[in-house]
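Chemist: Structure for the following, please:
(2 chains)
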Amino acid sequence: MRVVSLVNGSLLSEAATLYAITYAKSMQLPLTLLFIDNGDESLEKHRLAVSSLKELAASQEVEVESVTLKGDTLTQLQHFSRLYAIDTLFCATRKFTKDHSFSDKIVKAGLQTDVAVVKIKSVPKVRGYRRVFFAAGDSPHPRAFLLWLGLLEDESVLGKLCLTPRSYHGFRRTDSSSKRQYIAAPFLQLARMLHKNVEMVSVLQPHNATELYNYLLVNCFDLVLFDAAAYPQKLLNRVTDATATNSILFYPRKS
Amino acid sequence: MMLCQQSVEHILHTLRTSRSGLSQQEAHRRLEGFGPNQIRRKSPKNYRIEYLKEFIGFFPVLLETAALLAFVADYFQPGEGNDVLGYAILGAVFVNATFTFWQKYKADKAMEALLKLVKSEAKVIREGQILTVDAAEVVPGDILQLEEGDKVAADAILLEVNELYLDLSVLNGESTPVERHLEAGEAKRELEAHNMLFAGSAVTRGNGVAVVVTTGDATEFGKIALMTTEVVNTVTPIEKEIKHMTAILTLLALAAGLVFFGLGWFSDRGLLISAIFALSLIVANVPEGLLPTITLSLSLASQRMAKRKALVKNLNSVQTLGSATVICTDKTGTLTKNQITVKQVYLADGSEVRFSGNGYFEGGDYAFSRQVSSESEQHLQTLLHAAGWNTRATIDADKRTLSGDPTEAALLAAAHKGGGLPEAEMLKEYPFTSERKMMSSLVRVEGRERLLVKGAVEKVLPLCSHLQLGQVVAMNEAHQQRIAKRNQHLAEQAYRVLAVAMKEGDGEDDLLFLGLVAMIDPPRQGIQRAIKSCYSAYIKVTMITGDNPVTAKAIGENIGLRVDEVMTGDQLDALSNTALRRKLQNRHMLFARMASAQKLRIAQLLQANGDVVAMTGDGVNDAPALKQADIGIAMGSGTDVAKEAADMILLDDNFKSIVSAVEEGRAVYFNIKKLTTYILSSNVPEIVPYVMQFFLKIPLPLSVIQILLIDLGSDQLPGLGLGSEKPEKHIMQRPPVGKGEKILDWEVFKRGYFMNGLFEAGAAMFAFLGFLFLNGWEYGHLDISDEFHRQAMTMTLLGAITCQMANVFTLRSWEGSLWAMTSTNKMIWFGVAVEGVFILAILYVPAVQSVFNTATVPWQDLWLLLPFPVLLLLNHERYKSRLTKVGVQSALV
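Modeler: Residues are numbered from 1 along each chain as shown, chains lettered A, B, ... in the order given. Presented below is the predicted three-dimensional model:
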């Protein structure tokens, strides 16, 4: 198994790869920097970025390799995912969600891998994040939970787990605090066994997109991870477009 | 480690950029990735949907149902004119909806025009070249070049700096510029880092080069803005009132319709006749013209407010102003002119000098009010030059612009009033910091180095070893006490006092004390009267300022504020909510040394006390408090974020305009009360004839189309006239409109339905029956096609209209006598004139007669219309005078 980060020499893809490095380090998996040369990207920029990322990964003791493929990006990606066992594919996306963005195509392509779509708002926050929010739907998806744990580098990084059952329009009030805690307990215990600093969002439960991004701002979160399968896409787009916080949308592979 | 704490090279490497900047291609690519460097605004309204919403309110749906019933009735009983009625009702719905939508649309567009951002630009280095680009195109990794006067386009980290001072007031409300360095310092978060520049702030002095780290919503400015743009607006009192009114009136109409439907059904009149009868009653009971008249009344009030420099963004907020019980106001620029001016100089030898003229551009002079020696003149020049050279501000009198700190500009202006400032070469500067509270400049004048010092008296005085009397003498304790006493005296008179000192050579010690400079930001003209007017209107005024407590209190008292207690920001933080609420309820508080963020807590606690809060603000940090307040008031010169969060914008930043707006708000409340009474009054002569016809089995006195003629025709303009009535004389001498006070209260019902309405019903029936009996009618049925019947119906209609003509005049004042009114209301006169034309048209124009079932009435029968309007007017005036007497007596008791 490997972690793959799709790079194209842009600052966004480079920033997204930093999350991939952190995750790969936590999971003790090798990292592949995948560049697909479709003629549009600058090879020179890519080389510079890759060498810098390799240096950084090496300093984190992450085994790293770079792979360059030629051709249509989506076709090559499908081909690559069939050939290799991929744990999670990281790819960066633009600030504002638009129809038919490349990340959308990847998500819809049905690749045999989990996909983490990274939306970068602040580059400095990628390097030094301290608070990670995990919007896990009504119950944490095991692989999304692993990604969250993987992103909590050490005990100085605080992870906040938020259980917000969804309704058709977005978030719905959770049944009861005790029920939430009951669902979250095994996950939190596991995280603490792994020496992760985790808490549950218990006082305030954001009930709509506005409340959620205000909550993220007020509580100074540096990164928010969404289990994308647990929320309507429209709502995710609204929150991640509006928030000033970096975000990762986790799409589990379709089994 | 935060990025700002890392080395410059590391920062550049992280952002994949260099000192020569990004390439144009990379900048474009990043622009696509990170999006434009803009604050996200509220998503635009879909005006088609907004327009359609006007057709699905409570009133419109009721009318649409009535129209549907009319068409159903026409289907089963054609030729009775029910189809005309259906179309007329639908027409009314359409006119109402279009008109209301148009008013709202116009208000929105006016706001958009006001908020349209002035296209700002930024100087960036790309591919080694300095380019001026649209600030929206700045991307992370861009290298910004900043000079004095520039606005910072995005959050950035300094790469080079040369005495750069930043005005961060839009973010933290602190008006004192802060110096920026290349090191972050001991910052726990980016906002505290000394090497960071923030979007929205402005360079007040110096220059620098910085690399952009975040843009748009991700900037600190953007984060605060984001928190306020999406907050759901609360329902305003007038919206609640309109809902309350429509619910009550609709229920009344439906209840009356149902009762009479039941009565008709049980008296064997048949289903259809009963239904049509019920429908007629519903139409008679629903005041179709009320909503557009209220909207127009609010719109006219907002236009009057705009003329008085208060721009209301949301029409519905107009009336909320009338309920304001507390006004929390800034000081600088709102209560004062924001033109710091040197007014007095106290020289070390005890001489006192007064300066004339206000502001930075107005000329002025000085005169000794106490001159100790002939050398005092020379000492004054030395002090003015020392103060003037020790500034970074510049004044361009021709262009009437200034740059730099306003306090320094005031010193410069004083130096010019003193005869001008000779050239001096600046060698070194010891900058001002909030800890040092002083600044010094080493200058070379006539070949000699001289250190000039200015700052807070308590900081500068201990550094002075000598003072300038007739000659230079050593400073002793008596001298220090004299100066400290003088300083205290000046501060108590609301002056901001600076000590000025100097020495030959460098080093901030062993200084020669030259004197004290007393400055003031003069109060705006008429501010005392405006504040007095607030107190007489039972409105508390709370000043919230960043000034020190002594100056703030002195200024407050100087302008007539009641101050029981001065509380600083630190004291406020230390106080529990319960204790603070108690103080806010029982005492006249003045808040000094306050940060903008603390305003939000004050607003929340005042509201928890049951107050209706009007809050002023201008910075982005004020936005949450403006949003929280019942009426957020942004300054015209403030940030767009504050303007967007506010309900009202003061175009001239003047407190007086708030008071005018409150007055207009109160006037609107009473005007709506008056016009509701006016419109309800005409419902009674519409209902009573139907009931009489039902029970007494007399011919139909008034047709449905005639009811609509009154509601949507003759009542409209006079009603609008009442809605646009100017504030009454004593409106600012009564308490604010209470939260529980309803427009549609028992008083309105009493006057509308049971007093003036009954007179109107009497008039209508008197005219109808009087005409019939005078012209030989014998009890029995008449056909509507009969000319005689239509003449009698015309008399009913005229009875109601003529009474409304008298009603509109007597309702001009809710409590006072009509005879005591001095102002003229042109719209009412115009409305009454149009009613006169209506009367002539229904009497003499055949085309109009055929539509409205009217006919020409012989003039000798028209006397029947005379008694009731006069009686109505006299009765209502008598009622008001009795009310006033009771009020005076209860006040005396």
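Chemist: Skipping adjacent residues, who's closest to the residue in the stretch 251-400 of chain B positioned nearest to chain A in space?
Modeler: Residue nearest to chain A within the stretch 251-400 of chain B: residue B:314 (19.3 Å; Cβ to the nearest Cβ). C-beta: built from backbone N, CA, C; applies to glycine. Spatial nearest neighbour of residue B:314, excluding adjacent residues (Cβ to Cβ, 6 or more residues apart in numbering or on different chains): residue B:647 at 5.8 Å.
Chemist: returning to what we had before: which stretch of helix or strand covers the residue of the stretch 251-400 of chain B closest to chain A?
Modeler: Per DSSP states H and E: residue B:314 is located in neither a helix nor a strand.
Chemist: Around chain B, pick out the residues from chain A.
Modeler: A:10-12, A:14, A:45, A:48-49, A:52, A:92, A:94-96, A:120-124, A:127-128, A:210, A:213-214, A:217-218, A:220, A:242-244 (Cβ under 8 Å from any Cβ of the partner chain).
Chemist: Restricted to buried residues, select the residues you listed in PyMOL.
Modeler: Applying 16 or more other Cβ atoms under 10 Å in any protein chain shown to the residues of chain A next to chain B, the buried members can be selected in PyMOL as follows:
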select buried, chain A and resi 10+11+12+14+45+49+92+94+95+96+120+121+122+123+124+127+210+213+214+217+242+243+244
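Chemist: The residues of chain A next to chain B in helices, which ones?
Modeler: A:11-12, A:14, A:45, A:48-49, A:52, A:123-124, A:127, A:210, A:213-214, A:217-218, A:242 (DSSP state H).
Chemist: where does the stretch 151-255 of chain A dip in pLDDT?
Modeler: A:165-177, A:202-208, A:255 (pLDDT under 70).
Chemist: try 90 this time
Modeler: Applying pLDDT under 90 to the stretch 151-255 of chain A flags residues A:153-157, A:160-185, A:194-222, A:228-245, A:252-255.
Chemist: What ranges does it have for its helices?
Modeler: Here the stretch 151-255 of chain A has its helices, by DSSP state H, counting those that start in this stretch, at A:177-193, A:209-218, A:233-242.
Chemist: Surely residue B:140 is in contact with residue B:35?
Modeler: No - counting by Cβ atoms under 8 Å, residue B:35 is not a contact partner of residue B:140; they are 10.8 Å apart.
Chemist: now residue 192, nearest residue through space, not along the chain?
Modeler: Using chain A. Per Cβ to Cβ, 6+ apart, closest to residue A:192 is residue A:198, 6.6 Å.
Chemist: Chain B was what I was after
Modeler: residue B:185 is the one closest to residue B:192 (Cβ to Cβ, 6+ apart), at 7.5 Å.
Chemist: who are the neighbours in contact with residue B:625?
Modeler: B:596, B:599-600, B:602-603, B:615, B:617, B:632 (Cβ atoms under 8 Å, 6 or more residues apart in numbering or on different chains).
Chemist: Could you rank the residues you listed by neighbour count and give me the top one?
Modeler: residue B:617 (33 neighbours; other Cβ atoms under 10 Å in any protein chain shown).
Chemist: Pipe the helices of the stretch 151-255 of chain A into JSON lines and attach distance to residue B:128 per row.
Modeler: Output for the helices of the stretch 151-255 of chain A, formatted as JSON lines (distance: least, Cβ to Cβ, whole Å):
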{"stretch": "helix A:177-193", "distance to residue B:128": "50"}
{"stretch": "helix A:209-218", "distance to residue B:128": "37"}
{"stretch": "helix A:233-242", "distance to residue B:128": "35"}
